[in-house]
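**Q** sequence-free structure coming up:
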């Protein structure tokens, strides 16, 4: 099996280099790659790359993820989140390859309290959410075999993430406010990569699994409770924090305005994924603790 990976140095792409290596020949690219075009702003170039490599599977782990910046940088967000997946999907269709792509809970408006199913009505609130939805739809319309994984609150030990930011701020500040009315499941890039490899193995034998799936860790939390969990770990690990235990303040989203509106309910139902691929998913705390141990454990 030959696998073509775009976005090799992102949080998910880095883990995919590990998880996909055992499946066959892996050609991993980023936007600076020389032998082949890996720059998703060049739709023609990445399509030529697919044609040259002739992969069995294309995995797109690259995206425009600057949610607030996308509100004004619309053309660039559309180019990377919509036009690039469209080009990859058409190229995949032409060469008979599978396309694996990652999307987001931001395709929903965050209403209600129930976990979103794959078939629920979409209604993105932001440019980022709209362009990610356009990317999903372009892949589906192209008619290639595909696995689209919607996920949320992605983190990794590599690069920046919410947990690292909370620890840094708690070391610098005596007071800290965190939103307590947005709910979701922190999901590790490592989990995404491992499930992707598992799904590709099955997809190579069963074309009927082609489709859209929700992929997040088990359970739910708010950003405030997530921060509390991380800071409790930091204290137990012996890190020196300026922030006292009772100085973390919970605030509503309305008190922390941002250019892009965030969904309050980012819960995603994963029953379809677990049934189709015969999977059990771990609780979100397991992955977060492992990541924290990797960074700060002793």
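**A** Thanks, I have the structure now. Predicted model, so just to flag it, every value in this text is computed and none were measured.

**Q** and the one helix or strand residue 199 maps to, what's buried?
**A** Using DSSP states H and E, residue 199 falls within helix 189-203. Across helix 189-203, burial judged by 16 or more other Cβ atoms under 10 Å covers 189, 190, 191, 192, 193, 194, 195, 196, 197, 199, 200, 203. Using the backbone N, CA and C atoms, a C-beta is placed for each residue, glycine as well.

**Q** past it, which element shows up next along the chain?
**A** Heading C-terminal from helix 189-203 (DSSP H and E), you reach strand 211-214.

**Q** make a markdown table from the buried residues of helix 189-203 and add pLDDT and distance to residue 74 to it.
**A** Formatted as a markdown table, the buried residues of helix 189-203 follow (pLDDT from 0 to 100; distance: Cβ to Cβ, whole Å):
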| residue | pLDDT | distance to residue 74 |
| --- | --- | --- |
| 189 | 95 | 27 |
| 190 | 96 | 32 |
| 191 | 97 | 31 |
| 192 | 97 | 27 |
| 193 | 97 | 30 |
| 194 | 97 | 34 |
| 195 | 98 | 31 |
| 196 | 98 | 29 |
| 197 | 97 | 34 |
| 199 | 97 | 32 |
| 200 | 97 | 33 |
| 203 | 95 | 33 |
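
**Q** in TSV, list these along with distance to residue 277.
**A** Below are those laid out as TSV (distance: Cβ to Cβ, whole Å):
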residue	distance to residue 277
189	18
190	17
191	13
192	13
193	14
194	11
195	7
196	10
197	11
199	5
200	10
203	9
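
**Q** quick one: which of these is nearest residue 60?
**A** residue 196 (11.0 Å; Cβ to Cβ).

**Q** that closest one and residue 35: what is the separation?
**A** Distance check for residue 196 against residue 35: by Cβ to Cβ, to the nearest Å, it reads 24 Å.
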